[in-house]
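Undergrad: following is a predicted model, sequence given first.
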Amino acid sequence: MLNNATAVVLAGGRGTRLHSVVSDRPKVLAVVNGKPFLTYLLDQVAAVGIMNVVLCVGYRGDQVQATFGQEYAGMHLTYSQETTPLGTGGALCLACPLITSDTFIAMNGDSFCDVNLKDLWEWHHTRQASITMVLTHRPDSTRYGHVSLSSNGTIVSFEEKGTATEAGWVNAGIYVFNSEMVRAIHRAIHAVSLEREITPSWVGQRLYGYQSHGRFLDIGTPESYAQANTFFAKERKNESKAICGA
C-alpha cells in the first residue's frame, strides 16, 4: 500500500544553469506562481496517500529544511544531507538508511511529470520489476537521451543525451525501486549518476519503462523555468474543470 511507502525526492541540485535567474537558493526552491517548485512534487506525492518523504538535500539544504520543516500536508519529512556532491545516485545511496519501505518511489527535484503514482506503483508490482522508470515522449530527445523499449515494456538500451535528435521516449525523472535494488545501491556511497550509471547497469535485470502521456516540465534551464508559471497555471485550470464537471 502506498500509505506505507517512502518517497525520496532528489533535491540537492545546485542549479548552475539557472544561476542567472535563481542565484540565492537551491533549484528546488525556485519560485513558481509564488510557491517553491518542490511544493508541486510534494503535493503530487501527498495526493496518493504516501506518509513518509525523504528529501535528499545538498547545496543550501538548510534553506530547504527551513522552508518545509518536518511535516507537509500530513507527511513526515526527513532530510538526508550530503556534505560533498554525490550526484543523484550517490545521494540516493546516502538516503537508504532513512527509507522505511521495501519498495519506494524516487523523484528528481527539478522536473515534474503528471503521472498517476498509484497506477505506476501497481504497474511496477504487476510486472515484478526491479526498477520502473517513468518515460515521457519528447519531439527532440537531444537534451535527455533516448530510451529504447521491447514490446513488453522492458528497457533494452539507453542513448546518451546529445546524440539522439529524433523524437523518442526519455527519462521523466520518476522511478520505483524494489528491495533488491535498495540493497544493491547501499553497498557504497560515492559520486555516481542514477541516470547515466546506475539504471543503465540494470538493463536485462527487470528494468521497465512506464510510458506516461502526462504533461512534463524540467526547470533545469532559464528557458524551461520561464515556462513553469504557465505550466502549473494550466494544471490548476484542468483541476478546476474536473471538479466542476466541465
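TA: Structure received. Numbers count the residues shown, from 1 in each chain.
Undergrad: shaky segments in this structure?
TA: 160-165, 182-189, 234-246 (pLDDT under 70).
Undergrad: tell me the centre residue of it?
TA: Centroid-nearest residue in the chain: residue 107, 2.0 Å away (criterion: C-alpha atoms, centre = their mean).
Undergrad: helix or strand right after the helix or strand containing it?
TA: In the assignment (DSSP states H and E), residue 107 maps to strand 104-108. Downstream of strand 104-108, the next assigned helix or strand under DSSP H and E is strand 111-113.
Undergrad: and that next one, which strands flank it?
TA: Paired strands of strand 111-113, with direction, are strand 216-218 (antiparallel) (DSSP bridges).
Undergrad: tell me the helices and strands packed up against the helix or strand following the strand it pairs with.
TA: Going down the chain from strand 216-218, the next helix or strand is helix 222-225, by DSSP H and E. Judged by 3 or more C-beta pairs under 8 Å, 6 or more residues apart in numbering; DSSP states H and E, helix 222-225 is in contact with no other helix or strand. C-beta here means a position set from N, CA and C on the backbone, and glycine is covered the same way.
Undergrad: strands along the chain, start to end?
TA: Remark: strands assigned in the chain by DSSP state E are 6-11, 31-32, 35-36, 52-57, 71-72, 75-81, 104-108, 111-113, 131-138, 146-149, 155-159, 168-177, 207-212, 216-218.
Undergrad: tell me who's in contact with residue 170.
TA: 135, 136, 137, 138, 141, 144, 145, 146, 147 (C-beta atoms under 8 Å, 6 or more residues apart in numbering).
Undergrad: identify the farthest-apart pair in these.
TA: 137 and 145 (13.5 Å; C-beta to C-beta).
Undergrad: the two: which is more packed in?
TA: residue 145 (19 against 14; other C-beta atoms under 10 Å).
Undergrad: pretty sure the more buried one contacts residue 158?
TA: Yes: applying C-beta atoms under 8 Å, one finds residue 145 in contact with residue 158, separated by 6.1 Å.
Undergrad: could the strands of the chain go into JSON lines alongside distance to residue 200?
TA: Below are those laid out as JSON lines (distance: least, C-beta to C-beta, whole Å):
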{"stretch": "strand 6-11", "distance to residue 200": "17"}
{"stretch": "strand 31-32", "distance to residue 200": "31"}
{"stretch": "strand 35-36", "distance to residue 200": "31"}
{"stretch": "strand 52-57", "distance to residue 200": "20"}
{"stretch": "strand 71-72", "distance to residue 200": "33"}
{"stretch": "strand 75-81", "distance to residue 200": "24"}
{"stretch": "strand 104-108", "distance to residue 200": "16"}
{"stretch": "strand 111-113", "distance to residue 200": "19"}
{"stretch": "strand 131-138", "distance to residue 200": "11"}
{"stretch": "strand 146-149", "distance to residue 200": "10"}
{"stretch": "strand 155-159", "distance to residue 200": "5"}
{"stretch": "strand 168-177", "distance to residue 200": "11"}
{"stretch": "strand 207-212", "distance to residue 200": "9"}
{"stretch": "strand 216-218", "distance to residue 200": "20"}
